[in-house]
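Peer 1: no sequence for this one, just the structure:
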């Protein structure tokens with residue numbers, strides 16, 4: 001159900017980050033994750049090692065917005081499809097999949113939020129932040145993207161399984177990119193008059 005009387009994006013407080021991506025080869029990126037002691041689950045490893053996970057050789061700067069399902073306007077819950085469509089209507093877009101590892105490397109002070117529920121089933125884990133990205137495949141047995149979490153003071157880059165009908169709770173957190181503010185390195189130089 002859409003919220004009509006509460007502040008939703010862009011009329012709410014959200015976490016905005018500038019994330020620099022690109023410029024590393026895939027092996028260099030994986031080595032960086034290792035240097036920072038970033039842990040991966042099997043789905044995270046599967047995404048990183050897939051041939052469709054392509055890294056950009058050009059550095060880019062993306063502006064991301066972190067917000068909850070509720071801040072997107074859904075009071076009870078929403079499917080992945082509904083969330084992505086609503087975000088798009090609000091001028092946000094899915095992030096490139098490679099944003100996951102770069103954001104994990106830049107967001108090292110993520111707070112640890114412990115859950116009292118040992119088995120969270122098919123729900124996003126407490127304290128996790130899901131990076132909204134287009135799936136490589138519709139195969140439900142292949143991870144759809146990354147999420148970030150801190151568990152027992154260990155930083156994780158984890159992959160997850162969910163289809164477009166997966167139900168997300170109002171407190172689940174997502175990262176989207178601001179569509180109109182994608183800046184590429186060359187564009188920044190032009191804007192600064194350095195053609």
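Peer 2: On my side now, so go ahead. This is a predicted model, so every value here is computed, not measured.
Peer 1: and the contacts of the lengthiest strand in the chain?
Peer 2: Criterion DSSP state E: the longest strand present in the chain is strand 60-68. With contact meaning Cβ atoms under 8 Å, 6 or more residues apart in numbering, strand 60-68 is reached by 9, 12, 14-22, 92, 95-96, 99, 103, 129, 170-178, 181-185, 188. Glycine gets a C-beta too; all of them are placed from N, C-alpha and C.
Peer 1: tell me what the residue most central in space within the chain is bridged to.
Peer 2: Closest to where the C-alpha atoms of the chain average out (Cα atoms, centre = their mean) is residue 131, at 1.4 Å. Per DSSP bridges, the residues bridged to residue 131 are residue 175.
Peer 1: so which residues of this protein form strands?
Peer 2: Using DSSP E, strands in the chain cover 15-21, 39-40, 60-68, 78-79, 92-93, 129-131, 145-151, 154-160, 167-168, 173-178, 183-184.
Peer 1: residue 108: which of those is closest?
Peer 2: strand 154-160 (6.6 Å; Cβ to Cβ).
Peer 1: direction included, what does that closest one pair against?
Peer 2: Counting by DSSP bridges, strand 154-160 is paired with strand 39-40 (parallel), strand 145-151 (antiparallel).
Peer 1: between those, which one is closest to residue 53.
Peer 2: When those are compared by Cβ to Cβ, strand 145-151 sits nearest residue 53, at 10.2 Å.
Peer 1: please name the bridge partners of the spatially closest residue to residue 108 that is not a sequence neighbour.
Peer 2: Closest residue to residue 108 apart from its sequence neighbours, by Cβ to Cβ, 6 or more residues apart in numbering: residue 155 at 6.6 Å. According to DSSP bridges, the partner residues bridging residue 155 are residue 150.
Peer 1: relative to residue 10, how far out is residue 155?
Peer 2: 29 Å (Cβ to Cβ, to the nearest Å).
Peer 1: tell me which of the two has more neighbours.
Peer 2: Just comparing residue 155 and residue 10: by other Cβ atoms under 10 Å the higher neighbour count belongs to residue 155, 20 against 13.
Peer 1: show me what contacts the more buried one?
Peer 2: 36-39, 104, 108, 110, 148-149.
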